[in-house]
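Enquirer: Sequence first, then the predicted structure, then my questions.
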Amino acid sequence: TLNRGGSDYTATIIGAAVNATEVQIWTDIDGFHNNDPRYVENTSALTHLTFEEAAELAYFGAKILHPQTVSPVKERNIPIYLKNTFTPEAPGTCISDRYHSTGLKAISAKDGITAIKIKSNRMLMAHGFLKKIFDVFDKHGTAIDMITTSEIAISLTIDDTRNL
């Protein structure tokens with residue numbers, strides 16, 4: 001397998017390769033929860049997530065899936081079912097292209113994030129300023145996780161500080 005959570009990624013690679021009708025991942029909880037049950041009491045399992053929602057939650061800290069797990073099956077629209085080995089009758093979570101409900105579904109947390117704030121009055125009404133910022137990070141091979149902007153500031157997060 002491929003390190004932490006690699007068996008689920010391996011399962012979706014194989015599922016996509018054989019064009020499976022579904023991929024089942026059996027674990028020790030009832031699917032994706034709306035928060036991390038190791039830290040928050042009374043969480044509940046989500047019955048449905050889109051591929052994009054599951055990938056975002058996994059990338060930003062949900063430990064139930066490897067962040068790349070949905071990639072192999074998304075293009076082929078092969079649903080993933082997260083089920084609990086100890087309570088197989090529980091519905092678990094279905095991850096597919098079907099969108100269910102609106103509003104806040106879940107919260108995840110990721111350790112080891114570095115927040116960077118860039119502030120300059122020269123940004124105000126300046127064309128191409130963001131591109132220059134992105135070019136610097138690109139030149140140094142550093143991926144940006146999240147970004148927010150205002151008229152004179154950019155706040156962003158990265159998880160790999162090796163090239164700072």
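Expert: Received it, and whenever you're ready, just let me know what you need.
Enquirer: by contact count, what packs against the helix or strand containing residue 52?
Expert: Assigning secondary structure by DSSP states H and E places residue 52 in helix 51-59. On a contact count with 3 or more CB pairs under 8 Å, 6 or more residues apart in numbering; DSSP states H and E, helix 51-59 meets helix 71-74, strand 93-96. Where C-beta positions appear, they are placed from N, C-alpha and C, glycine not excepted.
Enquirer: ok, so what distance separates the spatially most central residue of the chain from residue 130?
Expert: The geometric centre of the chain, computed from its C-alpha atoms, lies nearest to residue 56 (CA atoms, centre = their mean), at 2.2 Å. Going from residue 56 to residue 130 by CB to CB, to the nearest Å gives 22 Å.
Enquirer: Next, give phi and psi for the residue lying closest to residue 145 once chain neighbours are set aside.
Expert: What sits nearest to residue 145 in space, not counting adjacent residues and going by CB to CB, 6 or more residues apart in numbering, is residue 157, at 4.6 Å. Per-residue torsions, residue 157: phi -120, psi 150 (degrees, to the nearest 10).
Enquirer: Which stretches in the chain count as helices?
Expert: Secondary structure of the chain (DSSP state H): helices at 6-17, 51-59, 71-74, 129-139.
Enquirer: Contacts only, for residue 31.
Expert: The contact partners of residue 31, by CB atoms under 8 Å, 6 or more residues apart in numbering, come to 45, 46, 47, 64, 82, 83, 84, 90, 91, 92, 93.
Enquirer: Show me which of those residues are buried.
Expert: Among the contacts of residue 31, those classed as buried by 16 or more other CB atoms under 10 Å are 45, 46, 64, 82, 83, 84, 91, 92, 93.
Enquirer: Pick out the most distant pair among the residues you listed.
Expert: Put simply, by CB to CB the two of the buried ones among the contacts of residue 31 set farthest apart are 64 and 91, 15.0 Å from each other.
Enquirer: roughly how far apart are residue 112 and residue 74?
Expert: Note on residue 112: its distance to residue 74, by CB to CB, is 26 Å.
Enquirer: what does residue 39 give?
Expert: Separation of residue 39 from residue 74 (CB to CB) stands at 29 Å.
Enquirer: I appreciate the help and will end here.
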